[in-house]
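Engineer: I would like the atomic coordinates for the input below:
(chains A and B)
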Amino acid sequence: MKHASGDPRFRILEVHLKKHQFRQDALIEVLHKAQELFGCLEPDLLLFVACKLKLPPSRVYGVATFYHYFRLKPQGLHTCVVCLGTACYVKGADKILEVVQQTLGIPAGQTTPDNGVSLLTARCIGACGIAPAVVYDGAIAPRQTPGAALDAIGRWRRP
Amino acid sequence: MEAAMTLHDLQQIKERELAARKPLTLRCCMAAGCMAAASQRVLEGLEAAVTSAGLRDEVEVRRVGCLKLCCEGPLVQADPDDRLYVMVAPGDAPSIVAGLKSPQASLPQADMTAAFFARQHCIVLANSGRIDPERIEGYIAAEGYLALHEVLNEATPQDAVETMVRSGLRGRGGAGFPTGIKWGTVAKSAGVKKYVVCNADEGDPGAFMDRSVLESDPHSVLEGMAIAAYAVGADQGYIYVRAEYPLAIARLQIALKQARQIGVLGSGIFESPFHFNIDLRIGAGAFVCGEETALMMSVEGKRGTPRPRPPFPAESGLWGCPTLINNVETLANVSAIFRRGADWFAGIGTEKSKGTKVFALAGKIKKTGLIEVPMGTPLRTIVESMGGGAPDGRRIKAVQTGGPSGGCIPEQHLDTPVDYESLGRLGSIMGSGGMIVMDEGTNMVDVARFFMEFCMDESCGKCVPCRAGTVQMHHLLDKIVRRKATAQDLIRLEELCDMVKNTSLCGLGQTAPNPTLSTLRFFRSEYEALLHPDPYGPAGKTGAALFPEALEK
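Structural biologist: Here you go, the predicted model:
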């Protein structure tokens, strides 16, 4: 069964499903791949996965919403992840987050209305030796300050 | 198709690798901490500098795992005397290469005789910072997979279990259950199909030991799993690793591929009838999945909710089959124990806690990074001698161990030796090895609130005490921090802590009150100082006092 949209990414996902022999216990692996391909897990995509793995949609939706790593909504152009692990927290990550929230005008976990920046927090990215750490578009930056974070975000905001 | 591997092949790989070694090496740290400080560019700079100095035949630039002193990355360790260059910039590469020949170097170096390095005793981290984690040949040259060969050819599974029991190794994931006894239980459980699972879901904030081991020496974990599988009679393994560790995942994938290629994983390993394969399972950001029954649900592709024990996974685990679950660091100890003997291992550490423990030092401390010390080392040695104490002349106030399940150990108890029992007596736990130092400027009630918020968010929602209790406890702690709470609230908080601790289904709920209880035990005055003087709260003796937050909204 091909996906009606003809989107080639569904074909790539199907190859990945085959690699896992359509095993139901590979659901989390498949969702990782789906999110990597599509950026987020929209209902249509979840239904596709449910159908292919012969799982009830409720089960797929349940797993997708249980784990923090899966996103059901699209992300902004850029992402800023402030690590709030203990080491980062005692070294002032909360202050970085506060300043960034104020500047962007959104609480953590949301995307700016212009779809420019998604602000996220992490439980611990394991970079405690260089705390506080912030991840800008996937690249970890060590020893951040509120000022450094604003600079990094400012570079995205100004074209 | 993989080739049948023999001891001869293994030795040949080792000899070829050693013969191909160049006289001098420059080892550049390529673990996550230094890579965040652009060590990739340093590596490229070193390669270019070696080429332009015409030393290609003499000097090897090697990508290695963690060099331990994370706070001063990027790090480069150089021959001939293992000097460690710190805060290296790509432009420093020519001077480092020149320093190989003439010892006087002007670049900043770490003092390798300082306690931070001198007090370390490396078993788990022995290869970290020495071998290239992306080449199996490097691991084999460091005696890798020899222990697996020996166990498969010269020991019965019962012997292997016996060796583990004698070594006295206890689980490094936190609870400290004797590993040998766990292996024995799984080995005795009836079942044709058995599994070995490596718990690499290092969820404690402030802990990065397992990440470093996986990034620096992934084959030691694979070898440990293979030996464990032989001992318990399993033929399939899973490594459950956090999605937050992309570099560790990438290196594990490379290691698995290489191990299958040369035949130390797969069927008929070392010409024995033993066959074993390992698959990766990537977590998806749920702290509760570090709990073993929740982890198994997640490996099966379901929501990671725990279930009551018994039955323990050793009897009924993955898909109802007997399953051995060990932590990364536990498994990384295994090959060394078999190579050097159980008695050697049992000779290190204290009477009840054998061997060494890796700690991740972080927080308000001068030297942050990775250390491995014998069990029984006093906390003060770790944080003051090795870590250099708190920065800016401040005093250490407390050390937090065990993450959201642990507690805060105050300064006056720093002479406590680090072992499972001593930390337990102080209301904390050994935990997986995160050690966060707090100084005078840290507000302990705020720390308790921070951990409670963590547990509240991460509660899976299956059992009521944890789901509702953590929300209520967080609410009370928040009220105290905002100076709106009364003495009555403090009593209620303590009652709730006790209730949640005793009635929750799994470890997450049972230990969620620990940071609050331990800060209440040692820093009660900080809580009391924040209480509102009016016993009826800020609203006074009106009905609103019962629900002050309702008025605020």
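Engineer: For chain A, what lies in contact range of chain B?
Structural biologist: A:23-29, A:31-32, A:59, A:62-63, A:66-70, A:84-87, A:89-91, A:122-131, A:133, A:139-142 (Cβ under 8 Å from any Cβ of the partner chain). C-beta here means a position set from N, CA and C on the backbone, and glycine is covered the same way.
Engineer: would you list every one of the strands in chain A?
Structural biologist: A:78-83, A:117-122, A:134-136, A:139-141 (DSSP state E).
Engineer: Make TSV from those strands and add mean pLDDT and mean neighbour count to it.
Structural biologist: Converted to TSV, the strands of chain A look like this (pLDDT from 0 to 100; neighbours: other Cβ atoms under 10 Å in any protein chain shown):
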stretch	mean pLDDT	mean neighbour count
strand A:78-83	94	22
strand A:117-122	92	21
strand A:134-136	94	21
strand A:139-141	90	16
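Engineer: Export those strands as a markdown table, with columns for distance to B:Thr323.
Structural biologist: A markdown table is the format used below for those (distance: least, Cβ to Cβ, whole Å):
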| stretch | distance to B:Thr323 |
| --- | --- |
| strand A:78-83 | 32 |
| strand A:117-122 | 30 |
| strand A:134-136 | 34 |
| strand A:139-141 | 34 |
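Engineer: closest one to B:Val471 among the ones you listed?
Structural biologist: Nearest of the strands of chain A to B:Val471, taken as Cβ to Cβ: strand A:117-122 at 18.7 Å.
Engineer: what about A:Leu104, how many residues close to it?
Structural biologist: Neighbour count for A:Leu104, taken as other Cβ atoms under 10 Å in any protein chain shown: 21.
Engineer: show me the contacts for it.
Structural biologist: A:112, A:117, A:119, A:153 (Cβ atoms under 8 Å, 6 or more residues apart in numbering or on different chains).
Engineer: which one among those gets closest to chain B?
Structural biologist: Distance to chain B across the contacts of A:Leu104 (Cβ to the nearest Cβ) is lowest for A:Leu119, with 16.5 Å.
Engineer: you'd agree the closest one is up against A:Gly105?
Structural biologist: No: using Cβ atoms under 8 Å, A:Leu119 is not in contact with A:Gly105, being 9.9 Å away.
Engineer: What are the phi and psi values at B:Thr519?
Structural biologist: phi -70, psi -30 (degrees, to the nearest 10).
Engineer: and it, how far is that from A:Val135?
Structural biologist: As judged by Cβ to Cβ, to the nearest Å, B:Thr519 and A:Val135 stand 30 Å apart.
Engineer: can you check B:Val299 too?
Structural biologist: 27 Å.
Engineer: Then B:Leu125?
Structural biologist: 26 Å.
Engineer: ok so, going back, and the residues of chain A next to chain B, which are buried?
Structural biologist: Among the residues of chain A next to chain B, those classed as buried by 16 or more other Cβ atoms under 10 Å in any protein chain shown are A:25-29, A:31-32, A:59, A:63, A:66-70, A:84-87, A:89-91, A:122-131, A:133, A:140-142.
Engineer: And the residue of the stretch 351-500 of chain B closest to chain A?
Structural biologist: B:Ala362 (3.6 Å).
Engineer: Isn't that residue up against A:Ala131?
Structural biologist: Yes: with contacts counted by Cβ under 8 Å, B:Ala362 reaches A:Ala131, the gap being 6.1 Å.
Engineer: which neighbours do the two share?
Structural biologist: What both B:Ala362 and A:Ala131 touch, as defined by Cβ under 8 Å, 6+ apart, is the set A:87, B:368.
Engineer: Not counting sequence-adjacent ones, nearest residue to B:Arg170?
Structural biologist: Spatial nearest neighbour of B:Arg170, chain neighbours left out: B:Gly176 (4.4 Å); criterion: Cβ to Cβ, 6 or more residues apart in numbering or on different chains.
Engineer: show me the contacts for that neighbour.
Structural biologist: Here B:Gly176 is in contact with B:170, B:353, B:420, B:430 (Cβ under 8 Å, 6+ apart).
Engineer: end-to-end on stretch B:518-531?
Structural biologist: Distance between the two ends of stretch B:518-531: 18 Å, counting by Cα to Cα, to the nearest Å.
Engineer: Could you check how far that stretch is from the centre of its chain?
Structural biologist: Offset of stretch B:518-531 from its chain centre (Cα atoms, centre = their mean, to the nearest Å): 30 Å.
Engineer: buried ones in it?
Structural biologist: B:518-520, B:522-523, B:526-527, B:530-531.
Engineer: Report pLDDT for residue 102.
Structural biologist: Defaulting to chain A. A:Gln102 is assigned 95 on the pLDDT scale.
Engineer: Wait, chain B was what I had in mind.
Structural biologist: Reading off the confidence values, B:Ser102 has pLDDT 77.
Engineer: measure the closest residue to chain B within chain A to B:Gly176 for me?
Structural biologist: Nearest to chain B in chain A, going by Cβ to the nearest Cβ, is A:Gly129, at a distance of 2.5 Å. Distance of A:Gly129 to B:Gly176, given as Cβ to Cβ: 25 Å.
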